[in-house]
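# Quick one, fold the following:
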Amino acid sequence: KKRQLSSAYFNDSAAGKLTTAVMPGIEGGTHLGQRWIGFCWFDHSHNQLLSELGVLKDGVAQHSLYGEAIPDSLLEELSQTSQAHWSKEDDAILQIAIKERSLIGAPVNEYIPNILSKGRIAMIGDAAHTMSPMTGAGFNDSLDDTVAIIDAIKKFPNLIIKALSEYQTHRLDVVRQDVLAGQGFNRTFGRL
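Below you'll find the model as predicted:
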């Protein structure tokens, strides 16, 4: 598969989905030779192991799993799977990451809200509705929340509870659908 490294690309196989993206380097460099290539391998098949290691508790992400904490048996499995399913170029890079343990096992956090405000308190962004990073919508939804809450306060400047209720009316169904869409998107990624 031919691809340019100027933007993200997706590679599918029986091992799941591998995404690759060019990112700014250590000091934010974006010119050739200064950038990093980031790989993300979506694989749903290790939820049990993540639970055993305390990364997931009752299906809720507690933390990520960093290189030194990744069991040798999982690294060996990832190595064999990479060799069997990814291109030579992808496998070569993944083998280096596996050997050097420069990888992170990060469960996807998602939260579907039932409310966004109660009384004089409101939540926006990830605090209110955490969605899969694969939606690419988390930041935009946070901005939309901000605009909606500002508009509601302008509409009801002396009635904060009414303003926050208005914000919730405008945003709750939208963000719930966005999180649910992300869950559906995630199901299409990775082996189960």
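# and residue 140, how many neighbours?
11 (other Cβ atoms under 10 Å). For the C-beta atoms, the positions are set from N, CA and C on the backbone; glycine is no exception.
# Help me confirm that it is found in a helix?
Yes. Secondary structure of residue 140 (DSSP: H, G, I helix; E, B strand; the rest coil): part of a helix.
# Compute the distance between it and residue 149, please.
Distance check for residue 140 against residue 149: by Cβ to Cβ, to the nearest Å, it reads 15 Å.
# Kindly report the same for residue 55.
According to Cβ to Cβ, residue 55 stands 33 Å off from residue 149.
# Which of those two has more residues huddled nearby?
A direct count of neighbours by other Cβ under 10 Å for residue 55 and residue 149 places residue 149 higher, at 22 against 19.
# host element of the more buried one?
Residue 149 is located in helix 138-155, with elements delineated by DSSP states H and E.
# in the chain, which spans are helices?
Taking DSSP state H to define them, one finds helices in the chain at 47-52, 72-85, 88-99, 138-155, 160-187.
# Residue 151 is in contact with residue 171, correct?
No. Taking Cβ atoms under 8 Å as the definition, residue 171 is not a contact partner of residue 151, at 10.5 Å.
# Between those two, which has more neighbouring residues?
When residue 171 and residue 151 are compared on other Cβ under 10 Å, the one with more neighbours turns out to be residue 171, at 25 against 14.
# now the more buried one, nearest residue through space, not along the chain?
Spatial nearest neighbour of residue 171, excluding adjacent residues (Cβ to Cβ, 6 or more residues apart in numbering): residue 148 at 5.1 Å.
# Tell me how far the one you found lies from residue 175.
Per Cβ to Cβ, residue 148 is found 10 Å from residue 175.
# Those two - which one has more neighbours?
Summary of the neighbour comparison: residue 148 and residue 175, criterion other Cβ under 10 Å, with residue 175 having more neighbours (26 against 21).
# coming back round to it: now for the helices of the chain, which one comes closest to residue 26?
If you check each of those against residue 26 by Cβ to Cβ, helix 88-99 wins as the nearest, at 16.8 Å.
# Identify the residues contacting the closest one?
Helix 88-99 is touched from outside by 11, 18, 20, 37, 39, 41, 75, 78-79, 82-83, 86, 102-103, with contacts defined as Cβ atoms under 8 Å, 6 or more residues apart in numbering.
# Tell me which residue is most central in this protein.
Residue closest to the mean C-alpha point of the chain, counted by Cα atoms, centre = their mean, is residue 133 at 2.8 Å.
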